[in-house]
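K.L.:
Kindly return the folded structure for what I paste below:
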Amino acid sequence: LERAYRDNASLSNAGLPNAILRVLAEREPESLRAAHAVLTCGSWLFLRLTGVLGLHPSEASAPWLDIRTRAYSDKLLDAYGLTAHRALLPPLLSGGETLAPLTAAAARQVGLPPETPVVLAPYDVVATALGTGTTRAGQATCVLGTTLCTEVLVERAAPEEGEPAGLTLDFGAPGLLMRAFPTLAGTGVLDWTVDLLGLRDHRELSELAARVPPGADGLRVLPYLSPAGERAPFLDPAASGLVTGMLFRHGREHLARAVLEGLAHVIRDCLRAAPHRPTELALCGGGAASALWCQLIADITGLPAVSSRDSQVGAKGALLCALTALGAFPDLPAAASALVRTGRRYEPSPGLTAFHDAEHAEFLATRELAATRWSGWRADD
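P.N.:
Residues are numbered from 1 along each chain as shown. Next up is the predicted model:
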């Protein structure tokens, strides 16, 4: 995985196509022999609507592309043990190739006029960043959803530097790449906490958490609750959650606060792994409805946070791509400037900077210590 990262600038995980294909090659070889192409949901739909076979570069980036040339890499296929299946990778579609007319057959099925233009949108996390107005290098987005996908636009990847972490995606605009860190810890942790505490919903969780001060009176949570461990900004399938500092004085409200703060520390950890520190963090997804959580993220990361007024931000990003491809706007920044609707702005609380710096150092130290035992704990299970 590390060798592949030095060319691909993405750290593969069990959910990426190369891992899935490798399992199929070993356990269901007949499935691959019968296959014509490996597609994503979006590229499959584009094929069905237009008859055009291809993959958006942002969706091909992880795990197939040499990020420097932005082309398929036979070296990577060899590293993954998939050289024999090279023919399954469809053509890369970029620029005007992402625009094609609706076929007559598809038009009859969906009830639209033939020749209606269809645009292949980018990878969902790229489209979501676009939907928040992230279109220039240095801008950042965090999706507060099932995963906390923290992503920063950069001008270049440096896969030869540092520890392998996260994904690097072609942004579909000249000179731009998206460094994305899609965690497995996200709003599912909030769902678990709501159920554990017998609450009605996330709103009640936030109201409960607001009753206690920053730091939750010393209660801390490592929120790595996924059975698959964690994949960003570090990869460890044995990672698991941990509650520390618990005393008799702690109640339900302390746990609610510690969970929200723990997830905010995960976002800060992802920002630390990105190559450049942004000046602002756009927030979207269902979790952005919590003003308390948004303020905690601003306080813990030390960055101003801006929520979106749009509820379907990924769809908004796809719309920006479509309108730009159709010539309604000269480029994506112009489209975003005209159509993206920002919401409330959250400034970091200046008196809490040193406190949260110390809390984050403790968070990282606790995780480092826990990591020495994760495999053992899972083995015991």
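
K.L.:
show me where the stretch 101-250 of the chain has strands.
P.N.:
117-119, 140-144, 148-154, 167-170, 177-182, 220-222, 242-244 (DSSP state E, counting those that start in this stretch).

K.L.:
what would these look like in TSV with mean neighbour count?
P.N.:
For every residue, glycine as well, the C-beta is placed using N, CA and C. Output for the strands of the stretch 101-250 of the chain, formatted as TSV (neighbours: other Cβ atoms under 10 Å):
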stretch	mean neighbour count
strand 117-119	17
strand 140-144	29
strand 148-154	27
strand 167-170	26
strand 177-182	26
strand 220-222	23
strand 242-244	16
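
K.L.:
Rebuild those as a markdown table, extending it with distance to Phe329 and mean pLDDT.
P.N.:
Shown next, in a markdown table, are the strands of the stretch 101-250 of the chain (distance: least, Cβ to Cβ, whole Å; pLDDT from 0 to 100):
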| stretch | distance to Phe329 | mean pLDDT |
| --- | --- | --- |
| strand 117-119 | 13 | 97 |
| strand 140-144 | 20 | 97 |
| strand 148-154 | 18 | 96 |
| strand 167-170 | 20 | 96 |
| strand 177-182 | 20 | 96 |
| strand 220-222 | 43 | 98 |
| strand 242-244 | 48 | 97 |
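
K.L.:
Reformat those as JSON lines; add distance to Cys294.
P.N.:
Shown next, in JSON lines, are the strands of the stretch 101-250 of the chain (distance: least, Cβ to Cβ, whole Å):
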{"stretch": "strand 117-119", "distance to Cys294": "32"}
{"stretch": "strand 140-144", "distance to Cys294": "8"}
{"stretch": "strand 148-154", "distance to Cys294": "13"}
{"stretch": "strand 167-170", "distance to Cys294": "24"}
{"stretch": "strand 177-182", "distance to Cys294": "19"}
{"stretch": "strand 220-222", "distance to Cys294": "19"}
{"stretch": "strand 242-244", "distance to Cys294": "24"}
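
K.L.:
Tell me which of those strands lies nearest to Pro275.
P.N.:
Using Cβ to Cβ as the measure, strand 148-154 is the one of the strands of the stretch 101-250 of the chain that comes nearest Pro275, at 5.7 Å.

K.L.:
So what are the sheet partners of the closest one and their directions?
P.N.:
strand 140-144 (antiparallel), strand 177-182 (antiparallel) (DSSP bridges).

K.L.:
before we move on, back to that, just so I know, which of the strands of the stretch 101-250 of the chain lies nearest Thr69?
P.N.:
Closest approach to Thr69 among these (Cβ to Cβ): strand 167-170, 11.0 Å.

K.L.:
Show me what the closest one is packed up against.
P.N.:
Packed against strand 167-170 by the contact rule (3 or more Cβ pairs under 8 Å, 6 or more residues apart in numbering; DSSP states H and E) you find helix 57-64, strand 177-182.

K.L.:
Now tell me what touches the last one from outside.
P.N.:
When contacts are defined by Cβ atoms under 8 Å, 6 or more residues apart in numbering, strand 177-182 is touched by residues 9, 58, 67, 125-126, 129, 147-157, 165-171, 231-233, 270, 273-275.

K.L.:
what's the neighbour count on Ala185?
P.N.:
Neighbourhood size, Ala185 [other Cβ atoms under 10 Å]: 24.

K.L.:
lowest-confidence helix or strand of this structure?
P.N.:
Every helix and strand of the chain was ranked by mean pLDDT, DSSP states H and E. The lowest is helix 374-380, at a mean of 68.

K.L.:
and this structure, what are its domains?
P.N.:
As recorded under automatic domain parsing, the domains making up the chain are 1-111, 121-381.

K.L.:
and the first one, how far apart are its ends?
P.N.:
Domain 1-111 stretches 46 Å from its first residue to its last (Cα to Cα, to the nearest Å).

K.L.:
Give me the distance from that domain to the chain's centre.
P.N.:
Mean-position distance between domain 1-111 and its chain equals 19 Å (Cα atoms, centre = their mean, to the nearest Å).

K.L.:
what mean pLDDT does it have?
P.N.:
Averaged over domain 1-111, pLDDT sits at 95.
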